[in-house]
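Colleague: just the structure for this:
(one chain, ligands or ions: 1)
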Amino acid sequence: MPRTLVNTEGRHARTSIFGREIALPVVIAPTGVNGMLTRDADLKLARAAARAGIPFTLSTVSNARPDTVAREAGGRLWMQLYWFRDPAIAADVVRRADAAGYEALVFTTDANVFGHREWDKRSYRGPGQLTLRSVLDVARHPRWIADVMLPRGLPRFVNVADFFPPEARSARAGVTRIPALFAPTIDWDDVARLRDTWKRKLLIKGVLDPADVERAARLGCDGVVLSNHGGRQLDACVAAIEVLPEIARAFGDRLTILVDGGIRRGSDIAKAVALGAHAVMVARATLYGVAAGGEDGASHALGILASELDRVLGQLGCRSVAELTPALLREGQPTPAGVSARV
Ligand SMILES: Cc1cc2nc3c(=O)[nH]c(=O)nc-3n(C[C@H](O)[C@H](O)[C@H](O)COP(=O)(O)O)c2cc1C
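Modeller: Residues are numbered from 1 along each chain as shown. This next block holds a predicted model:
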């Protein structure tokens, strides 16, 4: 619901997170195996984030180590943590992120049991063995082969590979071997232990239930990322944006609230902030950019989001993101009976 005749000259999308300014309320979300999209994609995304003045989150299953990203990309860096059956992995990731000066640790808790990713599985005929169709698909992309495969072979899971059995160390094993290595045992005691060892900002990613947010706050977490992992885990899950208003109302003054899932437009960012998020995370939007155009592509994707958000702010009659409030939103109409939910 736009308000009209507001002078929005000089509007801006700046805000702050953990007491430091960010150029727009966006953080790049952690994604694993980025190196399969283009060589050194983790570095390219981190550099694009630094250039845009926003934080970048490095995945535990990245193809670059935290210290390499800190040294070669810089910027505000957050480290995502997956908990595998071997507890030495988490300890090592936390130690490396700490030594490299990472600002925040993002503990992803919705991958205790790995999602049944049928679209991934279709690419394989057996553990680690691509189908003929997938092999032909690779052969049809010589530029990708020259960029990714020829220089160093398939990207490795550099943070975790040394702890994995040999057959689970390269990206090819990502779908067929690694799911079984995730720890279904993780619980709130692990959060308490992490809180004791990690002294900087601690966020839990994959929280949706307000009772869980309450628990995270009581254990001393600094923030939560409301997320259903982009539908890649529990695919019939509630959407994070649906639980955002209630959680933001109850905890917005105690915790930093981020939300992700389907943020593809500047207007999506505006809606999330209006519903109470301090910022959003974006994963696929910048992955498409880096896959298509490397670091410049990732910057371009962020530039599109920034210019859309700027335009939406102006058209809504807002001079800053602080003016994005629930008063600007109207509930959608319920889907009329008989109309397919796909409409
Ligand atoms: C290819 C891919 C890899 C991902 N890897 C991770 C990961 O390593 N750790 C994590 O916490 N989330 C991971 N996610 C989930 C994202 O961080 C994010 O929660 C989800 O994609 C929703 O955001 P989006 O709609 O902007 O993509 C991954 C998502 C994608 C698409």
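
Colleague: helix, strand or coil for the one residue in the stretch 101-250 of the chain that gets nearest to the ligand?
Modeller: In the stretch 101-250 of the chain, the residue that lies nearest the ligand is G230 (3.0 Å; C-beta to the nearest ligand atom). Where you see a C-beta, it was placed from the backbone N, CA and C, and this is true even at glycine. Per DSSP: H, G, I helix; E, B strand; the rest coil, the secondary structure class of G230 is helix.

Colleague: that one and G261 touch, don't they?
Modeller: Yes - the pair G230 / G261 is scored as a contact, 5.7 Å apart, by C-beta atoms under 8 Å.

Colleague: more neighbours: which of the two?
Modeller: Per other C-beta atoms under 10 Å, whichever of G230 and G261 has more neighbours is G261, with 24 against 16.

Colleague: doesn't the more buried one belong to a strand?
Modeller: No - G261: not assigned to a strand; according to three-state DSSP it is coil.

Colleague: tell me who's in contact with it.
Modeller: For G261, the contacting residues are S227, N228, G230, G231, A239, A240, I241, by C-beta atoms under 8 Å, 6 or more residues apart in numbering.

Colleague: thought the last one was touching A272?
Modeller: Yes - here I241 reaches A272: they are 6.5 Å apart, a contact under C-beta under 8 Å.

Colleague: any residues in contact with both of these two?
Modeller: By C-beta under 8 Å, 6+ apart, the residues touching both I241 and A272 are V259.

Colleague: more neighbours: which of these two?
Modeller: Shown here are I241 and A272; by other C-beta under 10 Å, A272 has more neighbours (29 against 20).

Colleague: quick one: mean pLDDT over the helix or strand that that one is a member of.
Modeller: A272 is part of helix 266-274 when elements are defined by DSSP states H and E. Across helix 266-274, the average pLDDT comes to 98.

Colleague: low-confidence ranges in the stretch 151-300 of the chain?
Modeller: 174-175 (pLDDT under 70).

Colleague: interface residues of it facing the ligand?
Modeller: K205, S227, H229, G230, D260, G261, G262, I263, V282, A283, R284, A285 (C-beta under 6 Å from any ligand atom).

Colleague: in space, what's closest to the first one - neighbours in sequence excluded?
Modeller: Which is K205. Nearest in space to K205, with sequence neighbours left out and distances taken as C-beta to C-beta, 6 or more residues apart in numbering, is V225 at 3.8 Å.

Colleague: which of the three states applies to the one you found?
Modeller: Under three-state DSSP, V225 comes out as strand.

Colleague: partner residues bridging it?
Modeller: Beta-bridge pairing of V225 under DSSP bridges involves K205, L258.

Colleague: and it, what does it touch?
Modeller: V225 touches A29, V106, L203, I204, K205, G206, V207, L258, V259, D260, M281, counting by C-beta under 8 Å, 6+ apart.

Colleague: work out for me the element the closest residue in space to R232 that isn't next to it in sequence sits within.
Modeller: In space, R232 comes closest to G115 once its chain neighbours are excluded; the distance is 5.0 Å by C-beta to C-beta, 6+ apart. Assignment of secondary structure by DSSP H and E places G115 within no helix or strand.

Colleague: just checking, G115 touches A236?
Modeller: No - the criterion here is C-beta under 8 Å, and G115 misses it with A236 at 11.3 Å.

Colleague: now the residue of the stretch 101-250 of the chain closest to the ligand: how far from G153?
Modeller: 28 Å (C-beta to C-beta, to the nearest Å).

Colleague: what's the answer for R172, then?
Modeller: Going from R172 to G153 by C-beta to C-beta gives 10 Å.

Colleague: what do you get for I178?
Modeller: 18 Å.

Colleague: the nearest residue in space to I178 that is not next to it in sequence: neighbouring residues, count only.
Modeller: Using C-beta to C-beta, 6+ apart and skipping the chain neighbours, the partner closest in space to I178 is A168 (5.6 Å). Counted with other C-beta under 10 Å, the neighbours of A168 add up to 21.

Colleague: by contact count, what packs against the longest helix seen in the chain?
Modeller: Identified as the longest helix of the chain according to DSSP state H is helix 284-316. For helix 284-316, the packing partners by 3 or more C-beta pairs under 8 Å, 6 or more residues apart in numbering; DSSP states H and E come out as strand 26-28, helix 41-52, helix 266-274.

Colleague: what helices or strands is the last one leaning on?
Modeller: Using 3+ C-beta pairs under 8 Å, 6+ apart, the elements in contact with helix 266-274 are helix 240-251, strand 279-282, helix 284-316.

Colleague: now it, how far from the chain's geometric center?
Modeller: Centre-to-centre, helix 266-274 and its host chain are 16 Å apart (C-alpha atoms, centre = their mean, to the nearest Å).

Colleague: the inter-axis angle of that helix versus helix 284-316?
Modeller: Calculated by axes from the mean of the first three to the mean of the last three C-alpha atoms, to 10 degrees, helix 266-274 forms an angle of 80 degrees with helix 284-316.

Colleague: hey, C-alpha coordinates of helix 266-274 in CSV?
Modeller: Taking Å, rounded to 0.1, in the frame of the first residue of the first chain, the C-alpha atoms of helix 266-274 are listed here in CSV:
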residue,chain,number,x,y,z
GLY,A,266,14.0,-6.0,-4.5
SER,A,267,10.2,-6.1,-3.7
ASP,A,268,10.8,-9.4,-1.9
ILE,A,269,13.4,-7.7,0.3
ALA,A,270,11.0,-4.8,1.0
LYS,A,271,8.2,-7.3,2.0
ALA,A,272,10.5,-9.2,4.3
VAL,A,273,11.8,-6.1,6.0
ALA,A,274,8.2,-4.7,6.3
